[in-house]
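Peer 1: here is the input, now give the coordinates:
(4 chains)
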Protein chains: 2
Amino acid sequence: MARLPLYYRALLETAEREVSTISSERLAELAGVNAAKVRKDLSYLGSYGTRGVGYDVEYLLHEISRELGLTRDWPVVIVGIGNLGRALANYRGFGARGFRVVALVDANPELVGHPVGELAIEPVDELDRIVAEREIAIAILATPAVAAQEVADRVVAAGVTSILNFAPAVISVPEGVSLRKVDLAIELQILSFYQLRKFSAAAGESRPAEAAS
Amino acid sequence: MARLPLYYRALLETAEREVSTISSERLAELAGVNAAKVRKDLSYLGSYGTRGVGYDVEYLLHEISRELGLTRDWPVVIVGIGNLGRALANYRGFGARGFRVVALVDANPELVGHPVGELAIEPVDELDRIVAEREIAIAILATPAVAAQEVADRVVAAGVTSILNFAPAVISVPEGVSLRKVDLAIELQILSFYQLRKFSAAAGESRPAEAAS
DNA sequence: CGGTGTGAAGCCTTTCACAGCA
DNA sequence: TGCTGTGAAAGGCTTCACACCG
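Peer 2: Have a look, this model is predicted:
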C-alpha cells in the first residue's frame, strides 16, 4: 500500500514529540488523508489499535517499518551523475532509513573518478560487476532520456529488481521488476492543465482539486 | 487527465521521426499504457481520429498542447536552493515548453546574490513581491521539511495557485490551489515494500507489479 | 479491412455508517 | 463514552467488445 510511507513519517514525527498513542483521525490529518482510509489500511496489517484509545505509536512504527522492509538495508546505485544525479547522491534523507547509496555510475569518461560526497564516480562499463558484487537490488536512473531504456536493461540483467526512473522517458521492464517514475516535466504539465482551467472557470463550477501523486 | 503529458511526449518523438499518422495501439505502446485507454482519453478531447487510419500526429499534438496549456508561458519560482533546488534550477527541459524559471529564492542570507545559471538567488523576505510582480502562478518547493508549510502559505497568499512540492512533508493548501508532490523517500520505500515481497514469494503467487506513479 | 468511438461490464478504491470492544 | 474494525454502498477507472465509418 502506497500510503504506508506517509503514515510512517507521520508516526516518526509523533514519536519525536513523545506522544505514545494516536487516533486514526489525528494520523489521517498528519498524513493528509481521511480517517476511514487510515483505519482500513492499518486493518490490513492486523489489528494493532485499541478501541476507545487509538494506536500505540511505537508499536505501529515498528510494524510499519517491518512491513515496508525498512529494517533491512538496501544498497542503491545511481546511474547518471548530471545535475539531478549529483543532487540525489548528496541527498541526506534516505541514508536515514535503510537506503544506502553504494555506487555512482556515469557514461562520461571525464566524470569517472571524480568524488561526489564519499563516493567516486565509476564507469558504466562496470555496471554489471558493481550491481552483482555489491548485491544491489535498487537502481535510480537519472540519465538522459535516450539512455534510460538501455541502462534499465543492463541493470535488470545484472540483477536489479526495482527501478526508480527520473529520466523523462517511458521505459519497460520485465515482469517481476518494479518500476516507479518521477517526471518533473509531467508534473508541471499536469499543474499547467489545472491552472488553465482555473482562469476559464469564470462561469460554472469545475474543481481544480488536489491531484495527488 | 494525468496521461496527456505522456501522449504528448510520445507524439513529439513520433513527429520528429516524420511519421504523420499514428494508431491508438502504437501510441499506447509508446506511452506505456493500453490502447483502449488511449482511445477513451482522446475521445474526451473530441473526435480527432480517423477510423481505419489513426490519429494525425501534428493535429493531435496541437490539440493536446492546447489542452495542457503549453501554448501559454508559465513563470515559475523555485524556493529552496539546496542540492535539489539547484539541480532543478539547472534542469534544461521545462524551459523547453512553456515553463520558465524566473526566480530562485532561499532563506539562507549567505546564498542570496549567488548566481545559479542565469539567475541570482533572492531573499525569502521578498517572496511576496517577486510572486506578485512577476505574475508567478506556479511554485516549486525544494525546502527542508520544516519550512515547507510556511513557504506554501506565503506563496499562496502572494498569488500562487499551483505548487509542486519536493519537500518530504505533507502540506495543505486552500481549496482552489493545486498541489502535487514528489517524494524521493516515499518512492524508495514503496520499492522496498515490493522488494521485500519478492523474496518471500517462494510459495504462492503475489504480483510485485509495476506500481505506477 | 483496419482502427476509432463508446456503451456496458468488471474491478478496485474510497467512503459511509455502525456494531463492538476497552 | 470514544474510537477501532469492517460490512456494505458508492464512485471512479479500466477493460472489453463491438458497432460504425473511412
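Peer 1: can you give me the pLDDT of the residue sitting nearest the centre point of chain A?
Peer 2: For chain A, the residue nearest the mean C-alpha position is A:L164 (7.4 Å; Cα atoms, centre = their mean). Reading off the per-residue confidence, A:L164 sits at a pLDDT of 98.
Peer 1: check A:G54 too.
Peer 2: pLDDT at A:G54 comes out at 97.
Peer 1: what residues go with each domain of chain A?
Peer 2: Structural domains assigned to chain A are A:4-68, A:74-182, following automatic domain parsing.
Peer 1: contact partners of the longest strand along chain A?
Peer 2: Longest among the strand segments of chain A by residue count, using DSSP state E, is strand A:99-106. Counting contacts by Cβ atoms under 8 Å, 6 or more residues apart in numbering or on different chains, the residues outside strand A:99-106 that touch it are A:73-81, A:85, A:89, A:94-95, A:112, A:116, A:119-124, A:126-127, A:130, A:134, A:136, A:138, B:188, B:192. Placement of C-beta: from N, CA and C, glycine included.
Peer 1: surely A:L30 meets A:R17?
Peer 2: No. Contact between A:L30 and A:R17 fails when scored by Cβ atoms under 8 Å: they sit 10.9 Å apart.
Peer 1: look at the two and report which has more neighbours.
Peer 2: When A:L30 and A:R17 are compared on other Cβ atoms under 10 Å in any protein chain shown, the one with more neighbours turns out to be A:L30, at 18 against 8.
Peer 1: coming back round to it: just the domains of chain A: most buried one?
Peer 2: Sort the domains of chain A by mean neighbour count, taking mean count of other Cβ atoms under 10 Å in any protein chain shown, and domain A:74-182 sits at the top with a mean of 19.
Peer 1: pull the distance from that one to the chain's centre.
Peer 2: Distance, stretch centre to chain centre, for domain A:74-182: 14 Å (Cα atoms, centre = their mean, to the nearest Å).
Peer 1: check whether it contacts DNA strand D.
Peer 2: No. No part of domain A:74-182 sits close enough to DNA strand D to count as contact by Cβ under 7 Å from any atom of the strand; the gap is at least 14.3 Å.
Peer 1: longest helix in chain A, please.
Peer 2: With DSSP state H applied, the helix covering the greatest number of residues in chain A is identified as helix A:184-199.
Peer 1: check which residues of that helix are buried.
Peer 2: Going by neighbour count (16 or more other Cβ atoms under 10 Å in any protein chain shown), the buried part of helix A:184-199 is A:184-198.
Peer 1: and that helix, what does it pack onto?
Peer 2: Using 3 or more Cβ pairs under 8 Å, 6 or more residues apart in numbering or on different chains; DSSP states H and E, the elements in contact with helix A:184-199 are helix B:4-16, strand B:74-79, strand B:138-141, strand B:162-165, strand B:178-181.
Peer 1: can you rerun that using 7 Å?
Peer 2: Other helices and strands packing on helix A:184-199, by 3 or more Cβ pairs under 7 Å, 6 or more residues apart in numbering or on different chains; DSSP states H and E, are helix B:4-16, strand B:162-165, strand B:178-181.
Peer 1: pLDDT averaged over it - what is it?
Peer 2: In this model, helix A:184-199 has a mean pLDDT of 92.
Peer 1: could you do stretch A:38-45 as well?
Peer 2: Per-residue pLDDT values across stretch A:38-45 average out to 96.
Peer 1: got the CA coordinates for that stretch in PDB?
Peer 2: This file holds the C-alpha atoms of stretch A:38-45, laid out as PDB (Å, rounded to 0.1, in the frame of the first residue of the first chain):
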ATOM      1  CA  VAL A  38      -6.300   5.100   7.700                       C
ATOM      2  CA  ARG A  39      -8.300   2.500   9.700                       C
ATOM      3  CA  LYS A  40      -8.900   0.400   6.600                       C
ATOM      4  CA  ASP A  41      -5.200   0.500   5.700                       C
ATOM      5  CA  LEU A  42      -4.000  -0.400   9.100                       C
ATOM      6  CA  SER A  43      -6.500  -3.100   9.500                       C
ATOM      7  CA  TYR A  44      -4.700  -4.900   6.600                       C
ATOM      8  CA  LEU A  45      -1.600  -5.200   8.700                       C
END
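Peer 1: does that stretch reach DNA strand C?
Peer 2: Yes. Stretch A:38-45 is in contact with DNA strand C by Cβ under 7 Å from any atom of the strand, via A:39-40.
Peer 1: contact partners of that stretch?
Peer 2: A:1, A:3, A:24, A:27-28, A:48-49, A:63, A:67 (Cβ atoms under 7 Å, 6 or more residues apart in numbering or on different chains).
Peer 1: is that stretch anywhere near DNA strand D?
Peer 2: Yes. Stretch A:38-45 lies within reach of DNA strand D by Cβ under 7 Å from any atom of the strand, at A:39-40, A:42-43.
Peer 1: that older thread, in CSV, list the contacts of stretch A:38-45 along with secondary structure, distance to DNA strand C and pLDDT.
Peer 2: Conversion of the contacts of stretch A:38-45 to CSV gives the following (DSSP: H, G, I helix; E, B strand; the rest coil; distance: Cβ to the nearest atom of the strand, whole Å; pLDDT from 0 to 100):
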residue, secondary structure, distance to DNA strand C, pLDDT
A:M1, coil, 8, 83
A:R3, coil, 7, 97
A:S24, helix, 9, 98
A:L27, helix, 14, 98
A:A28, helix, 9, 98
A:Y48, coil, 12, 90
A:G49, strand, 9, 91
A:E63, helix, 18, 96
A:E67, helix, 16, 95
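Peer 1: out of those, who's near DNA strand D?
Peer 2: Among the contacts of stretch A:38-45, the residues within reach of DNA strand D (Cβ under 7 Å from any atom of the strand) are A:24, A:48-49.
Peer 1: so where's chain A shaky on pLDDT?
Peer 2: Along chain A, segments meeting pLDDT under 70 span A:94-96, A:200-213.
Peer 1: quick one: name the residues of it near DNA strand C.
Peer 2: Where chain A comes near DNA strand C, counting by Cβ under 7 Å from any atom of the strand, the residues are A:33-34, A:36-37, A:39-40, A:50-53.
Peer 1: looking at those residues, which are in helices?
Peer 2: By the criterion of DSSP H, membership of the residues of chain A next to DNA strand C in helices covers A:36-37, A:39-40.
Peer 1: which one of these is nearest B:A107?
Peer 2: Within those, proximity to B:A107 (Cβ to Cβ) peaks at A:K37, which comes in at 34.1 Å.
Peer 1: and the closest one, how far from B:Q189?
Peer 2: 18 Å (Cβ to Cβ, to the nearest Å).
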